[in-house]
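Undergrad: Can you look at this prediction? I've put the sequence above it.
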There are 2 protein chains.
Amino acid sequence: MATIKDVAKLAGVAVSTASYALNNNGRISQETKEKVLEAARVLHYRKNGMASDLKRTRTNTIALILSDLSGPFYSELIKGVQDIATANGFDLIACSSIGGTQSTAVKFLMEKRVDGAIILANNISDTVTLQASQGGLPLVVLDRKVQGEHVYHVEVDNEDGSFKAVEYLIQQGHRHIAFIGGPSDSYDNKKRLKGYQKALVKHQIAEQSKWNLKGDFTKQGGYKATRLLIAQGELPSAIFYGNDEMAIGGLQAFKESRIRVPEDISIIGFDDIQLSEYVSPTLTTVKQPKYEVGALAVHLILQLLEGKQINEQYKLSTELVIRDSVLARKG
Amino acid sequence: MATIKDVAKLAGVAVSTASYALNNNGRISQETKEKVLEAARVLHYRKNGMASDLKRTRTNTIALILSDLSGPFYSELIKGVQDIATANGFDLIACSSIGGTQSTAVKFLMEKRVDGAIILANNISDTVTLQASQGGLPLVVLDRKVQGEHVYHVEVDNEDGSFKAVEYLIQQGHRHIAFIGGPSDSYDNKKRLKGYQKALVKHQIAEQSKWNLKGDFTKQGGYKATRLLIAQGELPSAIFYGNDEMAIGGLQAFKESRIRVPEDISIIGFDDIQLSEYVSPTLTTVKQPKYEVGALAVHLILQLLEGKQINEQYKLSTELVIRDSVLARKG
DNA sequence: CTGTTAGCGCATTCAT
DNA sequence: ATGAATGCGCTAACAG
């Protein structure tokens, strides 16, 4: 492979001259520049990006770390990240964290291959996160709270969101409301559970443990938990699912058991993923400002890169999206 | 930021010794090794990945280039790519091609930042693709045919797939079949159109230009084209959409016009995206072996990296998935 | 305007 | 077992 040296040699100039010509920098005569460019063309010269990054000690790249590249991650969020990053002349790469310590994600977090990173991956341990940030990498975590200095967070007000959802159910006349949550160690899930409980307490409804089931934030998990609920015999009049995926799994379970939604039971989700307006009935849910979360996350990283001081935590609010899966309960 | 030099200094050894100790290489005494590791810990040392890549002239990373990171791209395909890449000790990063020549994608294609790349992005020009491959980068293109040496292709048998779809419609008694296609410069679209035409010819059905509309492979585009078709007054008895997204947009248009699918009109899509089994009615479509495409693409790159000779083109077959959006036409 | 030179951080060869 | 020296490919001061 041709290097800048080869180009310089063929053009009959010094390496630095070639570099200047190639980068449109410095005060290079039109003539020499063309000679260099021509030589580069002939040799199929391509610059080695890593060498130049190394020299400049800057990559101009931000990594978005996701638990699974192929997962149904929030496309709106990515859009937010991407828009702001490119608008500021930064590149964005996405990488996955599957594979634990061997994962691509860890490689990028630990080896100074990027100028900053946004983490939305529960399987990246707090330890790794902390180490990376101690290494001086500007870091914004989106899906939980990591204790430690120089770790920044953008989160959605999960507690308030689920509070609003459950209170809405109550206002529609529901008193028997189940909660099908995600993994109990999930930060988001804890907050959502708390909001659920708060709403019950406020309206003096006793929480019933038989109506507190656990899923894993997947369709499959929602399906299973819902089957379990049905098998228990006594159905609540409404269910608040920890996220939309699980609610959609639940929809499936009800369909199989010929229980009609929302006529027989009302359900509500969380997230407002794209699918929720396509399922039948369309899903009432709590919408997260995903684009804004992504946009803010990059913005913070850019601030950090400029050496500015920022808060350690930012919280964005949610919005109830009313569709067809909740029915007012008469009487 | 601490470099290996600092570590060596603190540990009181030479840089090379530190390097060996850190990489578990060479014959380093247990004692020195521990000294080095300890120093690294104290200094929060992180190796600079780019420097080491530069030295080794190898990145062990493959790029997956997508037209839009936030788009509803094929998660199965990514899974295939990811599985095979990680299984072979390669890292995978995804980057977007929006932004034309300034895009992150082009940066990765042109600057030797990765060992190989898989392109699934119509907005990466053939010129760029060719330049990159001339630069010596192993490249597999998935969504079209690029003329030139050393460019490899994995494609799905679009023509056969759409032929099967349309023939199925004909077997169900449909004679008036419209085609709502994608952008006319899309390679996939051309092939799908050809399959449609072949099926008509085989069954001696005349192609009607009024029933050949153009969308852009988006929901929006399918919606608009369908509205146009409806506005024309005379409906066909079935529609073959160039992809599922457009078919789903069409579903929306029919719903608004109170035209029932499949009672009044049958529709069929292409791709078998996740959404298609959730829309109502569920969508009959042509399934692409997406996982296999992704897996094969990486596999080819690995072969290339090992200096093996491979074919320039691979074609995988499709499968008709029958759901509820097509009704047999009586009489 | 152009050439010389000195690293960026690391892996590695060759001495010791 | 360890150290000194070299260079991966490039950029950027500095000199001319």
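TA: Received, thanks. Numbers count the residues shown, from 1 in each chain, chains lettered A, B, ... in the order given.
Undergrad: Pop out the phi and psi values for the nearest residue to residue A:330 once chain neighbours are set aside.
TA: Sequence neighbours aside, residue A:173 is the residue nearest to residue A:330 in space, at 7.0 Å (criterion: Cβ to Cβ, 6 or more residues apart in numbering or on different chains). To be clear about C-beta, it is placed using only N, CA and C from the backbone, and glycine gets the same treatment. The phi/psi pair for residue A:173 (degrees, to the nearest 10) reads phi 100, psi 0.
Undergrad: how close does residue A:173 sit to residue A:161?
TA: 21 Å (Cβ to Cβ, to the nearest Å).
Undergrad: low-confidence ranges in chain A?
TA: A:72-73, A:331 (pLDDT under 70).
Undergrad: Which parts of chain A belong to which domain?
TA: A:4-42, A:61-156+A:290-316, A:158-288 (automatic domain parsing).
Undergrad: Mind putting those into TSV with mean neighbour count and distance to residue B:257?
TA: As requested, the domains of chain A are exported to TSV (neighbours: other Cβ atoms under 10 Å in any protein chain shown; distance: least, Cβ to Cβ, whole Å):
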stretch	mean neighbour count	distance to residue B:257
domain A:4-42	16	56
domain A:61-156+A:290-316	20	29
domain A:158-288	20	18
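Undergrad: Let me know which of the ones you listed is the nearest to residue B:212.
TA: domain A:158-288 (27.5 Å; Cβ to Cβ).
Undergrad: follow-up on the earlier one: nearest to residue B:309, of the domains of chain A?
TA: Of all the domains of chain A, it is domain A:4-42 that lies closest to residue B:309, at 27.0 Å by Cβ to Cβ.
Undergrad: Quick one: check that closest one for contact with DNA strand C.
TA: Yes: if you take Cβ under 7 Å from any atom of the strand as the test, domain A:4-42 does meet DNA strand C, through A:12-17, A:20, A:26-29, A:31-33.
Undergrad: still on that earlier bit, out of the domains of chain A, which comes closest to residue B:268?
TA: Nearest of the domains of chain A (Cβ to Cβ): domain A:158-288, 17.9 Å.
Undergrad: And the closest one, end to end?
TA: 9 Å (Cα to Cα, to the nearest Å).
Undergrad: what does stretch A:93-111 rub up against?
TA: A:61-69, A:78, A:113-114, A:117, A:121, A:123-124, A:128-129, A:131-132, A:135, A:137, B:46-50, B:52, B:61, B:69, B:82, B:86, B:91-95, B:104, B:108 (Cβ atoms under 8 Å, 6 or more residues apart in numbering or on different chains).
Undergrad: quick one, phi psi at whatever residue of the stretch 151-300 of chain A ends up closest to chain B?
TA: Here the stretch 151-300 of chain A gets closest to chain B at one residue, residue A:280, 4.6 Å apart by Cβ to the nearest Cβ. Main-chain dihedrals, residue A:280, degrees, to the nearest 10: phi -130, psi 120.
Undergrad: Not counting residues beside it along the chain, what's closest to it?
TA: residue B:280 (4.6 Å).
Undergrad: show me the contacts for that neighbour.
TA: A:278, A:280, B:251.
Undergrad: chain center to stretch A:312-326, what's the gap?
TA: 15 Å (Cα atoms, centre = their mean, to the nearest Å).
Undergrad: how about the CA coordinates for that stretch, as PDB?
TA: Only the C-alpha atoms of stretch A:312-326 are listed here, as PDB (Å, rounded to 0.1, in the frame of the first residue of the first chain):
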ATOM      1  CA  GLU A 312     -23.700  15.300  36.500                       C
ATOM      2  CA  GLN A 313     -27.300  14.500  35.800                       C
ATOM      3  CA  TYR A 314     -30.100  15.700  33.400                       C
ATOM      4  CA  LYS A 315     -33.700  14.500  33.500                       C
ATOM      5  CA  LEU A 316     -36.200  14.800  30.700                       C
ATOM      6  CA  SER A 317     -39.900  14.400  31.100                       C
ATOM      7  CA  THR A 318     -42.300  12.000  29.500                       C
ATOM      8  CA  GLU A 319     -45.700  12.300  28.000                       C
ATOM      9  CA  LEU A 320     -48.800  10.000  28.100                       C
ATOM     10  CA  VAL A 321     -49.900   8.900  24.600                       C
ATOM     11  CA  ILE A 322     -53.500   7.800  24.600                       C
ATOM     12  CA  ARG A 323     -54.500   5.200  22.100                       C
ATOM     13  CA  ASP A 324     -56.900   2.300  22.200                       C
ATOM     14  CA  SER A 325     -55.700  -0.200  24.800                       C
ATOM     15  CA  VAL A 326     -57.300   1.300  27.800                       C
END
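Undergrad: That's all I had, so thanks and see you.
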